[in-house]
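Chemist: need a 3D model of the sequence below.
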Amino acid sequence: MSVSNRSQVAIIKAEGDASAKADLARVALKKQLGRKSRDNVRAILLPDFAFVYKVALVAGAGKAEGTKVLDSDASAYEACRKALGRTVTFICGAKEGNAVELPKKLVNNLIKEIKVAQLTRAQVNALFAAVREGLQ
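Modeler: Have a look, this model is predicted:
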């Protein structure tokens, strides 16, 4: 998986943030990482962006203590930081909210059951409302 992520990051760097190829690379990353939380997506992509942009990862200080962060003294630091941020925002959306990871098998099973039952959008909404009510 890391090789695929790294190749997508290389495309983003080579093509610039606004190109169609960079957008396609982000879409491919979103397919792989779309169900993960914002923090997990950033943690997964950070080493790949650092490698491609040739920015060292260093031990974080302050609130980032205990984690790896981009070396702010590197010449490509700003470009790497901005590209990583734009990519994470593309994958996870602009709003941080309270994103959580869902078990892929559970999601796939629910989708399959909803398709088999041929539920309408209104019925799906009612189903999830009933589930929420049943869990309280």
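Chemist: give me the buried positions along whichever helix or strand Arg81 is part of.
Modeler: Here Arg81 is covered by helix 77-92, with elements defined by DSSP states H and E. Using 16 or more other C-beta atoms under 10 Å as the test for burial, helix 77-92 gives Tyr77, Cys80, Arg81, Ala83, Leu84, Thr87, Val88, Phe90, Ile91, Cys92. Heads up, the C-betas are built off the backbone N, CA and C, glycines and all.
Chemist: how about the lowest-mean-pLDDT helix or strand in the chain: buried residues?
Modeler: Lowest by mean pLDDT, DSSP states H and E among the helices and strands of the chain is helix 2-15, with a mean of 75. The neighbour-count criterion (16+ other C-beta under 10 Å) identifies Asn5, Arg6, Gln8, Val9, Ala10, Ile11, Ile12, Lys13 as the buried residues of helix 2-15.
Chemist: okay, the angle between that helix and helix 77-92?
Modeler: What separates the directions of helix 2-15 and helix 77-92 is an angle of 120 degrees, with axes from the mean of the first three to the mean of the last three C-alpha atoms, to 10 degrees.
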